[in-house]
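Undergrad: Structure for this input, please:
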Amino acid sequence: MEKIVEIENLSFSYPDGRQVLHNINLSIGHGETVGVIGPNGAGKSTLLLHLNGILRSDGRVRVYGVLVEDKSLKWVRSKVGLVFQNPDDQLFSPTVFDDVAFGPINMGCPADEVRRRVAQALEWVGMKGHEGRSPHHLSVGEKKRIAIATILSMSPEVLVIDEPTANLDPRGKWELMELLKGLLMTRIVASHDLEMVEALCERTIVLDEGRVVADDATSVIMSNTALLERHGLAPLRVKPQARG
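TA: As a prediction, this is how the structure comes out:
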């Protein structure tokens, strides 16, 4: 499997001296859907922010073999799209159209291409017809869809999503999961929602205190109750077997 994202000896400390990541070594292959789980403070969001260069520190991050650094940053961000946990951190324009068009415009796309990309991205996320609405008047679920559309409009090859189901009601959660399932690209998803990770991801990485403590098939991780409990994660309830 072609390696798209490679992380080597990645460590990171915030200015106050608190170390959040400790010697992370990972690779993500083409077409994989990978879940990143762990308790609060495990370093999940910090790790994601390194994947397209928002944060940089000790160690190396490569995308298609290209080192994430100043001179490659624009290219890397065209390949790796990051959706923040809070969609209000991503939506800042007066209309949905303007938010979704922002990326293609900054990529230098001509006006016709910008309109095509916006229309396609909104159709993908089920928000066609909302172009003229203010994103700040949308529901949380709608905002999350628009935030994803702002990334899809730039045609990334890797979609990185932080806590996609946070603050969603059950209906919004399952609708968003169906949307993510339909996106045919490499996906990296950080979440506390083990049910969502089990339904969406073939592989799961467990982070705790900034270290990778497990990396295996999702079915293996989710069946390891002791592992999940040891790292502050509530195991999924075992479904009762039918009696014959």
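
Undergrad: so where's the chain uncertain?
TA: 236-244 (pLDDT under 70).

Undergrad: For it, just list every one of the helices.
TA: 44-50, 73-79, 96-106, 111-124, 140-152, 170-181, 194-200, 218-223, 225-230 (DSSP state H).

Undergrad: mind putting the ones you listed in TSV, mean neighbour count included?
TA: (Each C-beta comes from the backbone N, C-alpha and C, glycine too.) Listed next are the helices of the chain as TSV, based on neighbours: other Cβ atoms under 10 Å:
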stretch	mean neighbour count
helix 44-50	22
helix 73-79	17
helix 96-106	21
helix 111-124	17
helix 140-152	23
helix 170-181	15
helix 194-200	19
helix 218-223	18
helix 225-230	14
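
Undergrad: bridging residues for the residue most central in space within the chain?
TA: Closest residue to the average C-alpha location of the chain: Ile161 at 1.5 Å, with Cα atoms, centre = their mean. The residues listed as beta-bridge partners of Ile161 by DSSP bridges are Val83, Val189.

Undergrad: that older thread, quick check: which of the helices of the chain is nearest to Ile4?
TA: Among those, the nearest to Ile4 by Cβ to Cβ is helix 73-79 (8.1 Å).

Undergrad: residues making contact with the closest one?
TA: Helix 73-79 is contacted from outside by Asn52, Gly53, Val63, Tyr64, Val66, Val68, Met107, Met154, Ser155, Pro156, Glu157, Val158, using Cβ atoms under 8 Å, 6 or more residues apart in numbering.
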